[in-house]
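**Student:** Turn this into a structure:
(chains A and B)
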Amino acid sequence: MSTKRQERTTREILKENISEGPRMPLYNPEALSIIKKRFDDWMKSTVRDADRVAWKKTPCTTLGSDIPREMLYTPLSNKDMDYGLDLGYPGQEPFTRGIHANMYRGKDFTMRQLTGFGSPEDTNARMEFMLDHGATGLNVLFDLPTIQMYDSDDPMAEGQVGMSGVCIDSVEDMAILFKDIALDEVTVSIVTHYPSNTAILFPMFLVMAEERGIPWDRLRGSVQNDMTLEELVRSGPEYIPPQDCFRIQCDNIEYIRSNVPKWNFITLNGYNLREFGTSAVTEMAVALVNGIETMEELTGRGHDVDSVADRMAFFWSPASDFFEEIARLRAVRRLWYKIMKYRFKAKNQRSCWMRCHAQTSGVSLVQQEPLNNIIRAAYQALAAVLGGVQSLHVDSYDEAYSVPTEEAALLSLRTQQIIQSETGITDVVDPLGGSFYVEALTAELEGRILDEIEEIERMGGYVASVERGEIHNRITGYFTDQQRKIEDGQLKIVGYNAYRSQVEPPAINVFRYPEGVEKKQKERLAELRLKRDNTRVEAALSALGDACRKGRNIFPFSLDCARARCTEGELFRVFKEAFGIWKPPSMW
Amino acid sequence: MKRRIKVILAKLGLDVHNRGVITVARQLRDAGMEVVYIGNALPGQIARSAIEEDADVIGVSSLGGAHVTLGSALVKEAKNSGMADRVVLLMGGVFPPEDGKLLLEVGFDAIFTPGATGVDIVNTIERLVLGKTETH
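**Tutor:** Predicted coordinates for the structure are as follows:
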């Protein structure tokens, strides 16, 4: 591992490098002193005692930050705000107001609904349905055996093939999955989750494109490739050690950067971490500290910052505290810019962009009165768009029961289209910029995210604190507390622990998985094992094992495995043999 | 002396979601039960662990869609090993309402879906364990 631990924390580096030159506060001191005097008068004359005493109130919301809020925000809440330094113009530093000058006037947010269930044919049909109804991007989710890197005929996969996602065992399945989909036109998010799985599934995607005659430089989309998902958020039977996982994450980035130039090679994932049960602040701190460590590793391997940084992507989970979600997106955009510019000395503006996909909060959905989930997801989606995201998935109301029906998936897409076409909010860039409340909250959140980054850095950094279980502990502590707040009614959920109806609402349609997928997939796999050149398979797997052990970039070797029709489980076995099995820290 | 209730908890198969089962493990432990969480496991492994640990309760968590296929297999394992009438079988997770009914029909003693509280789960376990002890 070439990563050298920085002696100083990100906060210290930013403090040293951001010149404390003359700031030009937006409000002049004279005006502020008059505003302050009138504020004090107003407090005495008009505000009730009870409100004065309870001036600060902490919202209790799903996975919220617990930041106390004042009853009213004024210029006094943003006394030092310097328009140019803190907000600026969209498309310019510090990008608080958006990464593009014209934002949604120039390019709509990509409507990218997650899709995946059953066989590759089933998911291909659902993707075609979504594209026919105006979806502008694809987002493919894999079944449990695929995501956990077992073949469909592995004893571990029994009874689970095609559930929660689509089953993929080899490049042949990938070809069926994307049959007739114009991969040089539509952008594809491949939800590979883990670095290990990215090194297995993305080569299959690339080989599929190669065999269809689509040059790799025309492919656009993203993989997740995030260690957080493999070592921290996941529950699985077998894990490789965090150091090796991090190395694969960086190997994947290196190869994809050079060979698939328009592909987003990592999606720093806050989403699943938050869904697992962590706060609005920790979600972003962990993703950023992973991003920082990844950049350190890549520059340590000799890459120029600007040659890698412009394809970093992020994935966030907007939950229920409306203004907090908007402020958070603005805050993390400003903070990532500062990190890239002042810690990594990026010269290219694009390297400083916090580009992101957002998905509304799955854990905020409840089974009681499921139609209420439509409203929850719509407000969360609205917050995401007001916060300036690049692409969006809206959860479906029936997901507290199963994967969505076609009808529910369409309603989610329609929610996006209504925001885009009917509300008018996309016509103006960063419409809440300058709000006394939103700006104060943006600054507060930025500070708190940086605090948590510093805590992790002081614990020895991201990979080390995952190894030792410190981040695991922080998360379990938070979600245990959150569950207590739900059970004692402090955190209100309408229809569940607040305003609970005495009448059972009518049942909704719930998705049923197609029959016979497992049998069909096992037959397909048996046929593949018979017809492929098994000598070539063995040679490709053995070369991959060598690359793992000798520290060479593994990606070209897994591409050869994909070409040879190796299966997913065969590649994972190579990783397990080369790196050994890691036992994650206990979380209870 | 009344012995502590012993519970084996597992994630069913390859399901990745473990917040629920960790929360329940902590709640049961705080209620004074002895909890053994074995992580992701298949029905056969879960049944074997229950025998080895001489557990009173098996609780499995499934949010990945395999509740019926693997859940039925677990009931079968429990019956084959002769522990079905003395060990309480529970499942928690995300599944359609009619599947909940189906799981009770195939042999689960209780199911818990999102919204179940720690108190619900603890009380149900205590009641069911007492029931099995009395009839056994």
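
**Student:** okay, CA-based contacts and neighbour counts for the rest of this
**Tutor:** Will do.

**Student:** Residue of the stretch 251-400 of chain A closest to chain B, please.
**Tutor:** residue A:276 (5.9 Å; CA to the nearest CA).

**Student:** which ones are touching that residue?
**Tutor:** A:233, A:475, B:17, B:18, B:19 (CA atoms under 8 Å, 6 or more residues apart in numbering or on different chains).

**Student:** tell me the average confidence for the strand or helix carrying it?
**Tutor:** Using DSSP states H and E, residue A:276 sits within helix A:271-277. On average, the pLDDT along helix A:271-277 is 94.

**Student:** Would you mind listing what in chain A touches chain B?
**Tutor:** Residues of chain A lying near chain B by CA under 8 Å from any CA of the partner chain: A:144-145, A:148, A:156-160, A:163-164, A:234-237, A:276-277, A:366-367, A:400-402, A:479-480, A:483, A:487, A:496, A:510, A:587-588.

**Student:** Give me the residue at the spatial middle of chain B.
**Tutor:** residue B:59 (1.6 Å; CA atoms, centre = their mean).

**Student:** For that one, give me its contacts.
**Tutor:** Contacts of residue B:59 (CA under 8 Å, 6+ apart): B:7, B:8, B:9, B:10, B:89, B:90, B:91, B:92.

**Student:** Residue A:555 and residue B:116, how far apart?
**Tutor:** Per CA to CA, to the nearest Å, residue A:555 is found 45 Å from residue B:116.

**Student:** So for those two, which sits in the more crowded spot?
**Tutor:** Taking neighbours as other CA atoms under 10 Å in any protein chain shown, residue A:555 and residue B:116 compare with residue A:555 leading, 24 against 13.

**Student:** Might one say that that one is in contact with residue A:249?
**Tutor:** No: judged on CA atoms under 8 Å, residue A:555 makes no contact with residue A:249 at a distance of 10.3 Å.

**Student:** Show me which residues of chain B sit near chain A.
**Tutor:** By the rule CA under 8 Å from any CA, the part of chain B lying against chain A is B:13-19, B:22-23, B:25-26, B:39-42, B:64-66, B:69-70, B:94-97, B:114-115, B:117-118.

**Student:** mind running it again at 7 Å?
**Tutor:** Residues of chain B found near chain A (CA under 7 Å from any CA of the partner chain) are B:13-19, B:22-23, B:25-26, B:40, B:42, B:64-66, B:69-70, B:94-96, B:114, B:117.

**Student:** Near the nearest residue to residue A:206 once chain neighbours are set aside, how many other residues are there?
**Tutor:** Closest residue in space to residue A:206, ignoring its immediate chain neighbours: residue A:216 at 7.1 Å, by CA to CA, 6 or more residues apart in numbering or on different chains. Residue A:216 has 18 neighbouring residues, counting by other CA under 10 Å.

**Student:** Next, find the distance separating residue A:216 from chain B.
**Tutor:** Taking CA to the nearest CA, to the nearest Å as the measure, residue A:216 and chain B are separated by 32 Å.

**Student:** hang on, the earlier thing: weed out the non-buried ones from the residues of chain B next to chain A.
**Tutor:** B:13-19, B:22-23, B:25-26, B:40, B:42, B:64-66, B:70, B:94-96, B:114, B:117 (16 or more other CA atoms under 10 Å in any protein chain shown).

**Student:** and those, which of them are in strands?
**Tutor:** Of those, the ones assigned to strands by DSSP state E are residue B:40.

**Student:** Spell out the residue ranges of the helices in chain B.
**Tutor:** B:19-30, B:43-53, B:67-80, B:97-106, B:118-135 (DSSP state H).

**Student:** Which residue ranges of the stretch 151-300 of chain A form strands?
**Tutor:** A:187-190, A:221-223, A:263-264, A:266-269 (DSSP state E, counting those that start in this stretch).

**Student:** Which strands or helices does the next helix or strand after the second one pack on?
**Tutor:** Toward the C-terminus, strand A:221-223 is succeeded by helix A:227 as the next helix or strand (DSSP H and E). Judged by 3 or more CA pairs under 7 Å, 6 or more residues apart in numbering or on different chains; DSSP states H and E, the packing partners of helix A:227 are helix A:242-259.

**Student:** Any stretches of the chain with poor pLDDT?
**Tutor:** You didn't say which chain, so I picked chain A. Low-confidence segments of chain A (pLDDT under 70): A:1-6, A:20.

**Student:** meant chain B, my bad for not saying
**Tutor:** B:1-2, B:135-136.

**Student:** Nearest residue to residue B:55 in space, ignoring adjacent ones along the chain?
**Tutor:** residue B:6 (5.0 Å).

**Student:** try residue A:566
**Tutor:** In space, residue A:566 is closest to residue A:537, 5.8 Å off (CA to CA, 6+ apart).

**Student:** tell me which element the one you found is part of?
**Tutor:** Assigned by DSSP H and E, residue A:537 belongs to helix A:534-550.

**Student:** so how far is that helix off the chain centroid?
**Tutor:** Centroid separation for helix A:534-550 versus its chain: 32 Å, with CA atoms, centre = their mean, to the nearest Å.

**Student:** now what about that helix, what contacts it?
**Tutor:** Helix A:534-550 has contacts (CA atoms under 7 Å, 6 or more residues apart in numbering or on different chains) with A:553, A:554, A:557, A:558, A:560, A:561, A:564, A:565, A:566, A:571, A:574, A:578.
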